[in-house]
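**Q** Structure for the following, please:
(chains A, B, C and D)
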Protein chains: 2
Amino acid sequence: MPNRVLQSPPRSTSLLERLRQRSWRLTPQRRVVAEALDGEHVHLTADEVYARAVRRLPEIARATVYNTLNELAAIGEVREVALGPGPKRYDPETVRPHQHLICERCGAMRDVYPLGETQLALPESQRHGFILGRVDVVFWGLCAHCSARKP
Amino acid sequence: MPNRVLQSPPRSTSLLERLRQRSWRLTPQRRVVAEALDGEHVHLTADEVYARAVRRLPEIARATVYNTLNELAAIGEVREVALGPGPKRYDPETVRPHQHLICERCGAMRDVYPLGETQLALPESQRHGFILGRVDVVFWGLCAHCSARKP
DNA sequence: TTGAATGCAAAGTGTTTGCACGTGC
DNA sequence: GCACGTGCAAACACTTTGCATTCAA
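**A** Here you go, the predicted structure:
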């Protein structure tokens, strides 16, 4: 049998499960924050996370939500998305590399998985001596709802 | 003589000149703000613009700088660039479409003109009913200076 | 002359911090 | 038990706003 077992095991797609696997100190507060973030196409602001968290755990403090979100971002379990005006958003999808499609009127945001992204490499002549890392792409447009409305 | 004169006149690459052509009400304050922004690879924060402006016009108010930057952005003569943490930056290059290359350690930012960008169209199946507009791309990396330093 | 721009200070957002208290491992 | 997380309030960073004054056209 081929050595399939040597492949690195697939990461769980559940944020909460991944945190358990890291033996992250799990408090009720941290749990409700992680639960608030779980799902697809989820891009909540800190305040929206707080609103969801406080429903399940009324005594949670806003600062704890901020602390927790910062920590999750620091260990790479959520991605901060800061675009345009307004507060940062937090994206729990860290398993599948993806980009964002955003409605410029209402701010609605979807994860997208564009093809052919490798064609986007920056020519050497344009690198200004930089060592390249990741590439972020944002597709701006109008969502179905907003493009149907008048002005 | 060939009808060169029928070509649409090239837009000036000088912000200040373009503003004059628009018959923008030109006050000393607005002039020093526009002058602060002029140049290539310029991506100043509002505070940095204020610092430059106040050198030439000590009585200028921070609020005036903010007002002016917002107005320039509204009429499309500067582009707001909000990425990562920290304050927004203002990019006076609105003539040549371009993208950005940013050092993830020190924040240094260069304008880049990547090739093959049209290949980045989002497949219909990924559009979620959106009408597409412009695409923003950010190349993250380490600048020459930062990649030479230790930790 | 006059509508628009300015300066100032105050208010508004969004986020971080300092510290006493509480708790998961 | 104790290092670490939490709650609270105050501080902080960035930006906008209201209003009386000044000024470019």
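
**Q** So which residue is dead centre in chain A?
**A** In chain A, the C-alpha nearest the mean C-alpha coordinate belongs to residue A:91, at 1.6 Å (C-alpha atoms, centre = their mean).

**Q** Quick check: buried residues in stretch A:73-84?
**A** Residues of stretch A:73-84 classed as buried by neighbour count (16 or more other C-beta atoms under 10 Å in any protein chain shown): A:73, A:77, A:78, A:79, A:81, A:83. In this view, the C-beta of every residue, glycine as well, is placed from N, C-alpha and C.

**Q** Next one: the first one from residue B:22, what distance?
**A** In this structure, residue A:73 and residue B:22 are 42 Å apart, going by C-beta to C-beta, to the nearest Å.

**Q** Likewise for the last one?
**A** In this structure, residue A:83 and residue B:22 are separated by 28 Å, where distance is defined by C-beta to C-beta.

**Q** Quick one: residues contacting residue A:76.
**A** By C-beta atoms under 8 Å, 6 or more residues apart in numbering or on different chains, the contact set of residue A:76 is residue A:94.

**Q** Let me fix that, I meant to ask about residue A:84.
**A** Here residue A:84 is in contact with A:102, A:107, B:80, B:82 (criterion: C-beta under 8 Å, 6+ apart).

**Q** Wait, the third one touches residue B:90, no?
**A** Spelled out, that is residue B:80. Yes - counting by C-beta atoms under 8 Å, residue B:80 touches residue B:90, with 6.3 Å between them.

**Q** which residues do these two both contact?
**A** Taking C-beta under 8 Å, 6+ apart as the contact rule, residue B:80 and residue B:90 both touch residue B:73.

**Q** related to what we said a few turns ago, tell me which of the contacts of residue A:84 fall in strands.
**A** The strands, defined by DSSP state E, take in A:102, B:80 from those.

**Q** okay, and for chain A, where does confidence drop off?
**A** Across chain A, residues meeting the criterion (pLDDT under 70) sit at A:1-12, A:115-119, A:150-151.

**Q** hmm, back to that, how close does the residue nearest to the centre of chain A get to chain B?
**A** Distance from residue A:91 to chain B, counting by C-beta to the nearest C-beta, to the nearest Å: 14 Å.

**Q** hang on, that residue packs against residue A:78?
**A** Yes - the pair formed by residue A:91 and residue A:78 meets the contact definition of C-beta under 8 Å, at 6.3 Å.

**Q** what is in contact with the two at once?
**A** In terms of C-beta under 8 Å, 6+ apart, residue A:91 and residue A:78 are not both contacted by any residue.

**Q** still on that earlier bit, chain neighbours aside, what residue packs nearest to the residue nearest to the centre of chain A?
**A** Closest residue to residue A:91 apart from its sequence neighbours, by C-beta to C-beta, 6 or more residues apart in numbering or on different chains: residue A:79 at 4.4 Å.

**Q** now do residue A:72
**A** Using C-beta to C-beta, 6+ apart, the closest residue to residue A:72 is residue A:78 (4.4 Å).

**Q** residues in contact with that neighbour?
**A** Residue A:78 is in contact with A:15, A:37, A:69, A:72, A:90, A:91, A:92, A:94, counting by C-beta under 8 Å, 6+ apart.

**Q** before we move on, which element is residue A:135 in?
**A** Using DSSP states H and E, the element containing residue A:135 is strand A:131-142.

**Q** do the following helix or strand past that strand and chain B meet at all?
**A** Helices and strands here follow DSSP H and E; after strand A:131-142, the next one along the chain is helix A:144-148. Yes - using C-beta under 8 Å from any C-beta of the partner chain, helix A:144-148 reaches chain B at A:144, A:147.

**Q** How about residues contacting helix A:144-148?
**A** Under C-beta under 8 Å, 6+ apart, the answer for helix A:144-148 is A:103, A:105, A:106, A:108, B:128, B:129, B:130, B:131.

**Q** do the same with stretch A:43-54
**A** The contact list for stretch A:43-54 (C-beta under 8 Å, 6+ apart) reads A:29, A:32-33, A:35-37, A:60, A:62, A:65-66, A:69, A:81, A:86-91, A:100, A:109.

**Q** And these, which of them are buried?
**A** Buried residues within those, counting neighbours by 16+ other C-beta under 10 Å: A:29, A:32-33, A:35-37, A:60, A:65, A:69, A:81, A:88-91, A:100, A:109.

**Q** So which of these belong to helices?
**A** Per DSSP state H, helices hold the following members of the buried ones among the contacts of stretch A:43-54: A:29, A:32, A:33, A:35, A:36, A:37, A:65, A:69.
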